[in-house]
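Engineer: Fold the following, please.
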Amino acid sequence: QVQLVESGGGLVQAGGSLRLSCVASGRTFSSYALGWFRQAPGKEREFVAAISRRAGSTKYADSVKGRFTISRDGAKNTVYLQMNSLKPEDTAVYSCACTRSTGNTVVVVARLYNYWGQGTQVTVSS
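Structural biologist: Model (predicted):
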């Protein structure tokens with residue numbers, strides 16, 4: 001069992017930045033591929049970014065490419081999402097997720113993730 005706890009959300013003006021963090025419990029952090037997803041009110045959950053278990057590969061949604069950066073720190077069992085040049089349309093609840101993985105696989109499909117955090121609200125004002 002893995003527990004994920006996100007933090008770092010908040011209210012920011014358009015053009016601003018936030019860094020989300022997600023801390024994972026357990027001793028097998030390096031065995032997991034990790035991802036960030038978001039869900040805005042009235043919309044379906046959507047993929048944001050993902051990173052392979054050894055951080056060798058990353059993938060981003062087209063809507064955030066060039067603005068968001070996903071990274072992981074094995075010593076801290078933490079995955080980050082650095083969000084720059086935020087737009088009002090980035091407003092959503094952001095959740096991290098993890099799943100056991102082999103090799104350098106990047107997982108972009110939500111149903112393939114086994115563990116989810118509770119989410120953190122990001123609100124971008126215009």
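Engineer: Quick check: chain neighbours aside, which residue is closest to the residue nearest in space to the middle of the chain?
Structural biologist: In the chain, the residue lying closest to the centroid (CA atoms, centre = their mean) is Trp36, at 2.3 Å. Of all residues not flanking Trp36 in the chain, Val48 sits nearest, at 4.3 Å (CB to CB, 6 or more residues apart in numbering). To be clear about C-beta, it is placed using only N, CA and C from the backbone, and glycine gets the same treatment.
Engineer: Confirm Leu20 sits in a strand?
Structural biologist: Yes - counting by DSSP: H, G, I helix; E, B strand; the rest coil, Leu20 falls inside a strand.
Engineer: Which residues are in contact with it?
Structural biologist: 6-9, 36, 80-81, 83, 94, 96, 120, 122 (CB atoms under 8 Å, 6 or more residues apart in numbering).
Engineer: hey, what's it bridged with?
Structural biologist: Judged by DSSP bridges, the bridge partners of Leu20 are Leu81.
Engineer: quick one: it and Gln82, what's the gap?
Structural biologist: Leu20 sits 8 Å away from Gln82, going by CB to CB, to the nearest Å.
Engineer: Kindly report the same for Ala40.
Structural biologist: From Ala40 to Gln82 the distance is 20 Å (CB to CB).
Engineer: Need phi/psi at Gln3.
Structural biologist: Torsion angles at Gln3 (phi, psi; degrees, to the nearest 10) stand at phi -110, psi 140.
Engineer: Nearest residue to it in space, please, no chain neighbours.
Structural biologist: Counting by CB to CB, 6+ apart, Ser25 is the residue found nearest to Gln3 once chain neighbours are left out, at 4.3 Å.
Engineer: Good, we can wrap up now.
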